[in-house]
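**Student:** below are the sequence and a predicted model; questions follow.
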Amino acid sequence: MTVGIAFLFFDRLGMSCRREFFPYGLGILLLGVSTVMTDSGFLVVFNWTGIMLLFMAGMIRCFCGDEEWQFSAYLRAILVMGVKTVLYSFHIFHIKTWRKGSVEMMEKMGEESDQERKRKEKMSSVVTGIAIAALLLVVIFPLLASSDRVFAGIFEQIFRMPENLNISSVVGMVCMTLFGVLLIYGVFCAFASGGCRKKEREKKNYEAVTGITFTAILAAVYVLYCCVQIYVLFLKNEGGLPDGVTYASYAREGFWQLLFVGIINLILVISVVYAFQKNRILKIILTIICGCTFIMNVSAMYRMFMYVRVYHMTFLRILVLWFLILNMVMMMGVVIFVYKENFSLFRFVTATVSCGYILLSFLHPDYLAASYNIRTMEQMTAVDAVYMLDTSSYDAAPALAEINVGELDYSDGLYTERMVENIHWQYFRRAQQDMDRRSPREYNFSVWKASRLSPRDVDHEGGED
């Protein structure tokens, strides 16, 4: 709906930017589909966040032209337009101003006769009145219908209203609809009002010598660190390890620190390119930093895989691996940007993050983690099974249904087979109850699929094979 309204809005303003907005609109549609397909609260929240950010980025693309801005200018534009969106969302309640703005917009689209303008002004007033009545009736009509069965019966055949009307559900739906309408209206008004204009690029007044000095020191430290990674971690030369430290324990630590260093390097290189004067030596040093960041990311991924082999896979560890891969792809764009400043880095990063996140949301990390653990654990313990059943969303149901309770290790004595069997069954029973409570509007594919599975049937089928 949001994408369709955006296209109607562009047509209304006489703007031909469907092609420019299409990639952003496609991303918004895919995130909407992903929201229906997943039961993960994390993914749902970030899907909605991604939809808003893509929508804002697409509007900036259409209203602010094709010129390449500084990376910080894009972020600043998103922030400013976000604030203006909130302010203009309340502007809809000023009906006279809204009507005046509508008339002025129509006048800008072409010269019209006085009679034609008056006719359109009256039509605008009628449409405004209908819109106000519709918004009020959406709230008032269900309340009246639920208070009197005779009144409800008059419209029952037309609207097929349920006998036991859930007022809280109706009010919640109405509030969400109104919130969405106000938000979309605010976005359109914020961009149509102007203020999203390309500003002159700030001059790089900082001497390149300063940038060369501190980046050269950092690069020297990074090169030394990468040599250690290659010699000890990748080539497995245990002779370089401190006394009492095994290679396995050494390889299973440090990935969090390297993750944050990678983020710092990404921001650092972009900032240096913008802040300092062009210099060939500075570009070479920045390239070395980018190369070292690649090695650090590979080192972090290797360490994470070593850690997963011992402590198994989780949702969070999949996110870490996903971001490390994403960071490497973004660093490739940064390397290009170092030597080609007219490279559209912001759009490259937007496309990389959007495609990467959409892929992650459709793969369902909960399912990936559970499937990997069930497939690779030599002997799954009862504690492992209960942990996955307690912490996984219904995205993981197809994998969790394959757990054979009878083959688990109960040697620690924390759980009995009967207890785990009951927890296993309750997981899918809750999915069935959740699906039964949902209305068609609240349909979720993962919950539906989990409600159709039965661990007993899966175990039984496995035994027959």
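**Tutor:** Looks like it came in fine.
**Student:** what's near enough to touch residue 233?
**Tutor:** By Cβ atoms under 8 Å, 6 or more residues apart in numbering, the contact set of residue 233 is 250-251, 299, 302-303. (C-beta placed from N, C-alpha, C; glycine too.)
**Student:** how close does it sit to residue 299?
**Tutor:** Look at residue 233 and residue 299: by Cβ to Cβ, to the nearest Å, they are 6 Å apart.
**Student:** for residue 343, same thing?
**Tutor:** For residue 343 relative to residue 299 (Cβ to Cβ), the value is 27 Å.
**Student:** those two: who's more crowded?
**Tutor:** A direct count of neighbours by other Cβ atoms under 10 Å for residue 343 and residue 299 places residue 299 higher, at 22 against 16.
**Student:** tell me which residues of the helix or strand containing residue 325 are tucked away?
**Tutor:** Following DSSP states H and E, the helix or strand that holds residue 325 is helix 315-339. Burial within helix 315-339, assessed by neighbour count using 16 or more other Cβ atoms under 10 Å, is assigned to 315, 317-318, 320-324, 326-328, 330-331, 333-335, 337-338.
**Student:** that helix - contacts with which helices or strands?
**Tutor:** Judged by 3 or more Cβ pairs under 8 Å, 6 or more residues apart in numbering; DSSP states H and E, the packing partners of helix 315-339 are helix 255-275, helix 280-311, helix 345-363, helix 365-376.
**Student:** of all the ones you listed, which one is nearest residue 123?
**Tutor:** With Cβ to Cβ as the criterion, residue 123 lies closest to helix 345-363 of the helices and strands packed on helix 315-339, at 39.8 Å.
**Student:** now that closest one, how far from the centre of its chain.
**Tutor:** Here helix 345-363 is found 9 Å from its chain centre; the criterion is Cα atoms, centre = their mean, to the nearest Å.
**Student:** what do you get for stretch 127-145?
**Tutor:** Stretch 127-145 has its C-alpha centroid displaced from the chain centroid by 34 Å (Cα atoms, centre = their mean).
**Student:** likewise for stretch 443-452?
**Tutor:** Taking Cα atoms, centre = their mean, one finds the center of stretch 443-452 at 22 Å from the center of the full chain.
**Student:** cool, stretch 258-273 as well?
**Tutor:** Relative to the mean C-alpha coordinate of its chain, stretch 258-273 is positioned 22 Å out (Cα atoms, centre = their mean).
**Student:** buried residues in it?
**Tutor:** So for stretch 258-273, counting by 16+ other Cβ under 10 Å, buried means 258-259, 261-262, 265-266, 268-270, 272-273.
**Student:** and stretch 398-414, C-alpha only, in PDB?
**Tutor:** Listed next in PDB are the C-alpha coordinates belonging to stretch 398-414 (Å, rounded to 0.1, in the frame of the first residue of the first chain):
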ATOM      1  CA  PRO A 398      10.600 -27.600  11.000                       C
ATOM      2  CA  ALA A 399      14.100 -28.200  12.500                       C
ATOM      3  CA  LEU A 400      12.900 -28.700  16.100                       C
ATOM      4  CA  ALA A 401      10.300 -31.200  15.000                       C
ATOM      5  CA  GLU A 402      13.200 -33.500  14.000                       C
ATOM      6  CA  ILE A 403      14.500 -33.800  17.500                       C
ATOM      7  CA  ASN A 404      14.300 -37.500  18.600                       C
ATOM      8  CA  VAL A 405      13.700 -37.200  22.400                       C
ATOM      9  CA  GLY A 406      14.500 -40.900  22.900                       C
ATOM     10  CA  GLU A 407      18.100 -40.400  21.600                       C
ATOM     11  CA  LEU A 408      19.100 -37.500  23.800                       C
ATOM     12  CA  ASP A 409      21.800 -37.600  26.500                       C
ATOM     13  CA  TYR A 410      20.200 -37.500  30.000                       C
ATOM     14  CA  SER A 411      23.400 -38.200  31.900                       C
ATOM     15  CA  ASP A 412      23.500 -34.800  33.600                       C
ATOM     16  CA  GLY A 413      20.200 -35.600  35.400                       C
ATOM     17  CA  LEU A 414      18.700 -32.200  34.900                       C
END
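**Student:** still on that earlier bit, nearest to residue 36, of the helices and strands packed on helix 315-339?
**Tutor:** Smallest distance to residue 36 across the helices and strands packed on helix 315-339 (Cβ to Cβ): 11.1 Å, for helix 345-363.
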